[in-house]
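Visitor: pasting the sequence and the predicted model now:
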Amino acid sequence: MLCTHHAEGGLGAAALGEAVSAACERNANAENFKLLYPDDSSIKEKIETIAKELYHAEAVSYSDEAEAKIAMFTEQGFGQLPICMAKTQYSFSHDPDLKGAPSGFTLPIGDVRCAAGAGFIVPLVGAFPTIPGLPTRPVSISHLPHSED
């Protein structure tokens, strides 16, 4: 199926959306469908299930910062949110040089973020870089004179 949403916006993805919707409806009562983890699993249980079942990791390690944030997000009531892992796209592991589908490694969680508005807990695998946020006043405008009123 050709999807041209980059060129045509929503109209270019309409046929794909209809196909996905039809496939979901055909399989709405599929007996073999199950979620990867129960919603009421802890944050660590969810992370470890993803690491072991999808990435073929043997274990998961957590930095002190990740441990503290998991505890804080759980205490704040965000522990029920699903997990959206942030990791390299080059490997199932944390190491971009470990190509293919390695197994038996320990997946390091360096940090954990809460995207409450989006509805996800986001573990950062290894030393995963993220793009910094923008300043309140963009640099190109901050040097221009402005009034205080």
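Guide: Alright, I've got the coordinates.
Visitor: check which residues of stretch 44-58 are buried.
Guide: 44, 46, 47, 48, 49, 50, 51, 55, 57 (16 or more other Cβ atoms under 10 Å). All C-beta atoms are positioned from the backbone trio N, CA, C, and that covers glycine.
Visitor: I meant stretch 111-118, not that one.
Guide: So for stretch 111-118, counting by 16+ other Cβ under 10 Å, buried means 111, 112, 113, 114.
Visitor: so what does the residue lying closest to the first one once chain neighbours are set aside have for phi and psi?
Guide: Going back to what we said before, that points to residue 111. Nearest residue to residue 111, sequence neighbours excluded (Cβ to Cβ, 6 or more residues apart in numbering): residue 124, at 4.3 Å. Dihedral angles of residue 124 (phi, psi; degrees, to the nearest 10) stand at phi -100, psi 120.
Visitor: wait, residue 124 touches residue 88, no?
Guide: No: counting by Cβ atoms under 8 Å, residue 124 does not reach residue 88; the two are 10.8 Å apart.
Visitor: neighbour count winner among the two?
Guide: residue 124 (21 against 15; other Cβ atoms under 10 Å).
Visitor: of the buried residues of stretch 44-58, which one scores lowest on pLDDT?
Guide: pLDDT is lowest at residue 55 among the buried residues of stretch 44-58; the value there is 91.
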